[in-house]
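Engineer: structure, please.
(chains A and B)
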Amino acid sequence: MAETAATPALGIDRLSRPPESQLRLAWRSFRRNRLAVAGGVVLLLLYVVALFAPVLAPYDYRAFNPGQPLKPPSAQHWMGTDRQTRDVFSRVLVGSRVSLAVGFAAVSLIMLIGITLGAVAGYLGGIVDNVIMRLTDIMLAIPLLFLLIAAAALFTPGIRTTVIVIGFTSWMTTARLVRGEFLRLKALDYVLAARALGASTPRIMARHLLPNALPAIIVQATLWLSYAILLESSLSFLGLGVQPPTPSWGNMLADGRVDMRMGWWVAVFPGMAIFVTVLAFNLVGDGLRDAFDPWRRER
Amino acid sequence: MTPASRAYIVRRIVLLPFLLVGLSIVVFALIHLAPGDPALAFISEQAMDPELVEQVRRNLGLDKPLPVQYAVWASHVIRLDFGTAYTFNRTPVIDLVRERLGVTVQLQGLALLVALALAIPIGVISAQRRYSLFDHTTTVGVLLGLALPNFWIALLLQLLFAVKLGWLPAFGSGADAHGLQKVAHYVMPVTVLATTVLPIFVRFMRSSMLDVISQDYVRTARAKGLPERAVIYGHALRNALIPMVTVVGNQLAGLLSGSVIVEYIFGWPGLGSLAYESILRRDYPVILALTLLAGSFILIVNVLVDIVYALIDPRISFD
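Structural biologist: This next block holds a predicted model:
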């Protein structure tokens, strides 16, 4: 508000200033979105916690506390202990590393596959486009969890399998989005100019199209970070993802399900961690989407 | 229907069989990339006699090249013959599916109804009183709802209503129960399934309604002195509902995904839990049949949604 008020009413002065970069404008708009900033702060905290989890955790996440199975939350054990007498709080902290890392790796893979297929389909068009997009339609028609558990069951479960399986079953919306962006961008004059100047197809795609598709891709990646974390925890909850003794929020919830009658805390706290993380990613993703969209950006 | 949208619909229908064949190839390829040997799963705990394994492999046709296996499988699948399950007492797969279909359809249908019955009025009121307390509460609720993992809600409900309060049964579909007792079994699974789509429906209903309210014909309706109620429910709502058809269609796959989690947690003998059990047992014919049937269902529904969409809204043209 203050910035608008300070600008003179006449447009002449504005024109004389150098134009602000898209990124700067987006950042200014993002900063003004309180929910998105709050989400960003939570994410920052989460990553710091994940980074220093072993130092921050009051107990070793593997350590047993003899004679204290399923103790409710107390001053010693903030989130209680599980059936195997381990400290739930320490396990939630260490679990954040697994969940965030798997989410990050899976989204990297999703983006790699999705962007490549989408870019190729959008730029080349024709039969290549048709084949890739029909494959996308088909993959999207299979309920994701059916596809995910079927794929997960084919390999030895573990962190790497979880990442690969999520990556290979979730690239479709990104491919569609990137294809759309490339279709839109390749019709613009500057691309024609680049081609007239002799730029090769890979160069046009990488240097001229991709950077302009980046805002949409960044928003998509942020939202997929939250989906990937949800998918990882669903898989781990079903016993097909990250395997114990490695703690992930999903497999801790599986323990919590078994011991629900004996202690609510084992199921409640890891779930809350998933909830807060996903919420934070969604808020940041929504904020970025609005910030990158000139029509939604508040002036 | 405009000629353009008629052409589009025809193309969708013509394309459908090809997509179904493509789907069957994708699903088949996926399962057969498996490093695990289905023959071993078939023999399960019996002696691992290599000769026996070889014979089972021959009997199941697993010694043939993949394209041949696919052709044999596909020629049966066309007649809805998915073979017999490796486990589950060697029941024919189609019987297993038929046995369990009803439960899943019931849960999914009820969840869809509940979600729509809540989402439509909430979305309409939110749009009508934009920026009111109700609208802000709705927006926050949608944000929170989108971040709630469905298995966590399921556990929390079970914890509260079954374990702590003892009001609802924690487990089972209540096959032997009657009246209110039976209804009690449905409450939690339906609630969990409904909450996974509710925020999406509400968000969409609200924005669709906001779109419509700002249209000229709504202003005209107001200007000619119609009571607000008639404007909203007589003119605006009907048009705002049209795009919801697509949203509901798009969410069906997600809802089916939810059935795996919900049927597993609440112990319902439906297709979701069948999928999960067959995956744990590496029962390939069942996994193949379920992914194929679920995918085909969604592909067909997508085409139907497009047709309905074009029929109810003549302004739509697909280019």
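
Engineer: tell me which residue in the stretch 201-319 of chain B sits closest to chain A.
Structural biologist: residue B:257 (3.6 Å; CB to the nearest CB). For glycine as for every other residue, the C-beta is placed from the backbone atoms N, C-alpha and C.

Engineer: and the residue nearest to residue A:212 when sequence neighbours are not counted, what helix or strand is that in?
Structural biologist: Computed as CB to CB, 6 or more residues apart in numbering or on different chains, the closest residue to residue A:212 that is not its neighbour in sequence is residue A:185, at 5.4 Å. Taking DSSP states H and E as the criterion, residue A:185 maps to helix A:172-186.

Engineer: again, but for residue B:73
Structural biologist: Per DSSP H and E, residue B:73 falls inside helix B:66-77.

Engineer: from the contact counts, what lies against that helix?
Structural biologist: Packing partners of helix B:66-77 (3 or more CB pairs under 8 Å, 6 or more residues apart in numbering or on different chains; DSSP states H and E): helix B:3-32, helix B:284-312.

Engineer: contacts for the helix holding residue A:185?
Structural biologist: Applying CB atoms under 8 Å, 6 or more residues apart in numbering or on different chains, the contact partners of helix A:172-186 are A:110-111, A:113-115, A:117-119, A:121-123, A:125, A:129, A:132-133, A:136, A:139-140, A:191, A:205, A:208-209, A:212-213, A:216-217, A:220-221, A:224.

Engineer: now stretch A:57-69
Structural biologist: So stretch A:57-69 is in contact with A:77-78, A:81-87, A:89-91, A:93-94, A:245, A:247, going by CB under 8 Å, 6+ apart.

Engineer: and those residues, which of them are buried?
Structural biologist: Neighbour-count burial (16 or more other CB atoms under 10 Å in any protein chain shown) is assigned, among these, to A:77, A:81-82, A:85-87, A:89-91, A:93-94, A:247.

Engineer: report the two of these separated the most.
Structural biologist: Taking CB to CB, the two most distant members of the buried ones among the contacts of stretch A:57-69 are A:85 and A:93; they sit 17.2 Å apart.

Engineer: for the stretch 51-200 of chain A, what lies in contact range of chain B?
Structural biologist: Applying CB under 8 Å from any CB of the partner chain, one finds that the stretch 51-200 of chain A approaches chain B through A:134-135, A:137-147, A:149-155.

Engineer: tell me who's in contact with the closest residue to chain A within the stretch 1-150 of chain B.
Structural biologist: Per CB to the nearest CB, residue B:147 is where the stretch 1-150 of chain B lies closest to chain A, at 3.7 Å. Taking CB under 8 Å, 6+ apart, we find residue B:147 in contact with A:226, A:275-276, A:278-279, A:282.

Engineer: chain B next: which of those residues are close?
Structural biologist: Counting by CB under 8 Å from any CB, A:226, A:275-276, A:278-279, A:282 from those sit close to chain B.

Engineer: any of those buried? List them.
Structural biologist: Buried among these (16+ other CB under 10 Å): A:226, A:275-276, A:278-279, A:282.

Engineer: which bits of the stretch 1-150 of chain B sit near chain A?
Structural biologist: So the stretch 1-150 of chain B meets chain A at B:15, B:18-19, B:22-23, B:26-27, B:30-31, B:33-36, B:143-144, B:146-149 (CB under 8 Å from any CB).

Engineer: in PyMOL, how would I select the buried members of the contacts of helix A:172-186?
Structural biologist: Per 16+ other CB under 10 Å, the buried members of the contacts of helix A:172-186 correspond to this PyMOL selection:
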select buried, chain A and resi 110+111+113+114+115+117+118+119+121+122+123+129+132+133+136+139+140+191+205+208+209+212+213+216+217+220+221+224
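
Engineer: let's see which of the contacts of helix A:172-186 end up in helices.
Structural biologist: Those of those mapping onto helices are A:110-111, A:113-115, A:117-119, A:121-123, A:129, A:132-133, A:136, A:139-140, A:191, A:212-213, A:216-217, A:220-221, A:224, per DSSP state H.

Engineer: would you confirm that residue B:81 contacts residue B:97?
Structural biologist: No - using CB atoms under 8 Å as the test, residue B:81 is too far from residue B:97 to be in contact (11.7 Å).

Engineer: more crowded one of these two?
Structural biologist: Comparing residue B:81 with residue B:97 by neighbour count (other CB atoms under 10 Å in any protein chain shown), the higher total belongs to residue B:97, at 19 against 14.

Engineer: that one against residue B:289, yeah?
Structural biologist: Yes - if you go by CB under 8 Å, residue B:97 and residue B:289 touch, sitting 6.3 Å apart.

Engineer: who touches both of those two?
Structural biologist: residue B:82.

Engineer: can you pull up the most central residue in chain A?
Structural biologist: The residue lying closest to the centre of chain A (CA atoms, centre = their mean) is residue A:225, at 0.9 Å.
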